[in-house]
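Undergrad: return atomic coordinates for the entry below.
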Amino acid sequence: MASLASVPLAEGLSWADARLPRGLVRAPGDFLFAPGLVYLQTASMGPVPRPVMEKVMEWWKELELNPTFYGYGPHEKAMEDARANAAQFIGCAAEELVLTRSTTDGMNWVAQGLDLARGDRVVTSDQEHPGGMSGWKHVARRHGVGLDIVKILPSTHDAGRIVDDFKRAITPRTRVLMCSHVLSSTGLRMPVAELSALARSRDCLMVVDGAQAAGGIAVDVKALDCHAYVMPGHKWLLGPKGTGLLYLSADVGTRIQPIALEGSRLAYSDSSGVTSLPSVLGLSASIDYVRAAGIATVEAHNVALRNRAYAALQSVPRIQVVSAPPGPMTSPLVTFRIPDEVKSRDLLQRLLNRHRVMVKAVPEMWMNGNRLSTHLFNTEADVDAAVVALRTELA
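TA: Purely as a prediction, here's the structure:
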């Protein structure tokens, strides 16, 4: 499979350039945003870099020249190379990584693949994304599994307290601890390594929803020491929509065995069926794009912009920032409450229609608020434009 580094750049530019216009973007025009759009919504759906999109279309056209030959030949082998590339990016063996279509897809496989019985229990939090919870609600309804919900207030920014709360929720029938690496509600970076240690000490499986982490911050699944880690391709990894990854640690063995993995964990098997081959290859190319900037550099860039937003939002009237202050529990997401008389979805529309600023309306189950998320293509000017727009609309 061709390396992303082989894609031609604009005249006069080099892949070795440390910084280019638009944050850490390699070349002007690498992202196809509508003119004037300030995009602060990667946490919902990230953009695919233009050079990656072009390669995906090349692979798709090649596939259709002779679908059987390429689909069960060169492209199938290239998907295995893509799986190995993704595994290296998060620090695991290729044999421990499975291709999925999304975070929800992977989490559903985990929930379905566990041999849970009536009376068994799963400990999770009240801040989990509905997509990450659907599989657990399914096994609760179908098999009588209990869900013990740990409450995490927006004001809770203490890792030790969160671990203690999970510890108190564990019972002799607890089989699984599940939480997000980064909460989609507030951007809080959860103490996953400490929760993994807790889970292992109680002979429980630690399952992590990494939807808001991989690609935006550094993720090393071995350092986190979890049993399973699910993530999408379409957010921070900047991959094609309909792609995802599921890490299953070697020591899990067959304890997590969904129908889709009955045949094998390969990119294609009799139990998983055919997937979108060009999209999988595109995900690998997107990972190369993020890797080329350096994931530590990307994380530092993202968090610095987030901290700039955090500081500036403090002075915007009628806004209450609920995300953690700068420190070890921050991520590239920052969330703020707004007055009840201003509906978050209405504010979102005004910011987009009047100021060309795209943000997120936080689901009402959590709060009446909005969220910004910054990635490698964002700049200080983007953050400042969002703050000015908010100040205008909330005046």
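Undergrad: does residue 124 have beta-bridge partners, and which?
TA: In this entry, residue 124 is beta-bridged to residue 149, by DSSP bridges.
Undergrad: I'd say it and residue 145 touch.
TA: No - using CB atoms under 8 Å, residue 124 makes no contact with residue 145, being 11.5 Å away. Heads up, the C-betas are built off the backbone N, CA and C, glycines and all.
Undergrad: mutual contacts of these two, please.
TA: Counting by CB atoms under 8 Å, 6 or more residues apart in numbering, the contacts common to residue 124 and residue 145 are residue 136.
Undergrad: and the longest helix seen in the chain, how far out from the chain middle?
TA: Secondary structure of the chain read by DSSP state H shows that its longest helix is helix 295-313. Here the centre of helix 295-313 is set off from its chain's centre by 17 Å, with CA atoms, centre = their mean, to the nearest Å.
Undergrad: same check on stretch 143-151?
TA: 24 Å.
Undergrad: repeat that for stretch 89-103.
TA: Worked out by CA atoms, centre = their mean, stretch 89-103 lies 13 Å from the chain centre.
Undergrad: give me the buried positions along that stretch.
TA: For stretch 89-103, the neighbour count (16 or more other CB atoms under 10 Å) marks 89-90, 92, 94, 96-103 as buried.
Undergrad: output it in CSV with nothing but the alpha carbons.
TA: The C-alpha trace of stretch 89-103 is given here as CSV (Å, rounded to 0.1, in the frame of the first residue of the first chain):
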residue,chain,number,x,y,z
PHE,A,89,-0.1,3.4,16.3
ILE,A,90,-1.8,2.4,19.6
GLY,A,91,1.0,0.1,20.8
CYS,A,92,-0.4,-3.4,20.4
ALA,A,93,0.2,-6.4,18.2
ALA,A,94,-1.8,-6.7,14.9
GLU,A,95,-3.3,-10.0,16.3
GLU,A,96,-4.9,-8.0,19.1
LEU,A,97,-6.7,-5.5,16.8
VAL,A,98,-10.0,-5.9,14.9
LEU,A,99,-11.4,-3.7,12.2
THR,A,100,-15.0,-2.4,12.9
ARG,A,101,-17.3,0.2,11.5
SER,A,102,-17.4,2.5,14.5
THR,A,103,-17.0,2.8,18.3
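Undergrad: I figured residue 195 was touching residue 179, is that so?
TA: Yes - counting by CB under 8 Å, residue 195 does reach residue 179; the two are 6.4 Å apart.
Undergrad: what sits in contact with each of the two?
TA: Joint contacts of residue 195 and residue 179 (CB under 8 Å, 6+ apart) are residue 166.
Undergrad: ok so, going back, who touches the longest helix of the chain?
TA: 23-24, 89, 187, 215-218, 290, 319, 321, 323, 325-326, 330-334, 336, 372-376, 378-380, 382-384, 386-387, 390.
Undergrad: and which of the buried residues of stretch 89-103 is nearest to residue 29?
TA: When these are ranked by distance to residue 29 (CB to CB), residue 89 comes first, at 25.1 Å.
Undergrad: name the nearest residue to that closest one, ignoring sequence neighbours.
TA: Excluding the flanking residues, the one nearest residue 89 by CB to CB, 6 or more residues apart in numbering is residue 287, at 5.2 Å.
Undergrad: what's the longest strand anywhere in the chain packed up against?
TA: For the chain, the strand with the greatest residue count under DSSP state E is strand 174-180. Secondary-structure packing of strand 174-180 (3 or more CB pairs under 8 Å, 6 or more residues apart in numbering; DSSP states H and E): strand 121-125, helix 130-143, helix 192-201, strand 205-209.
Undergrad: tell me what the last one is packed against?
TA: When contacts are defined as 3+ CB pairs under 8 Å, 6+ apart, strand 205-209 sits against helix 103-113, strand 174-180, helix 192-201, strand 228-232.
Undergrad: could I get the average pLDDT for stretch 281-289?
TA: Average pLDDT, stretch 281-289: 98.
Undergrad: kindly report the same for stretch 227-243.
TA: 98.
Undergrad: quick one: it to chain centroid distance?
TA: Using CA atoms, centre = their mean, the offset of stretch 227-243 from its chain centre is 6 Å.
Undergrad: end to end, how far does it reach?
TA: 21 Å (CA to CA, to the nearest Å).
Undergrad: how about stretch 64-79?
TA: 16 Å.
Undergrad: who's in contact with it?
TA: Residues contacting stretch 64-79 (CB under 8 Å, 6+ apart): 1, 59, 62-63, 99, 267-268, 274-275, 277-278, 280-281.
Undergrad: going through these, which ones are buried?
TA: So, by 16+ other CB under 10 Å, the buried ones in the contacts of stretch 64-79 are 1, 59, 63, 99, 267-268, 275, 277-278, 280-281.
Undergrad: domain ranges for the chain?
TA: With domains defined by automatic domain parsing, the chain comprises 74-288, 295-393.
Undergrad: all strands of the protein, in order?
TA: 38-39, 97-100, 121-125, 146-150, 174-180, 205-209, 228-232, 244-248, 320-321, 333-337, 357-358, 360-361, 369-373.
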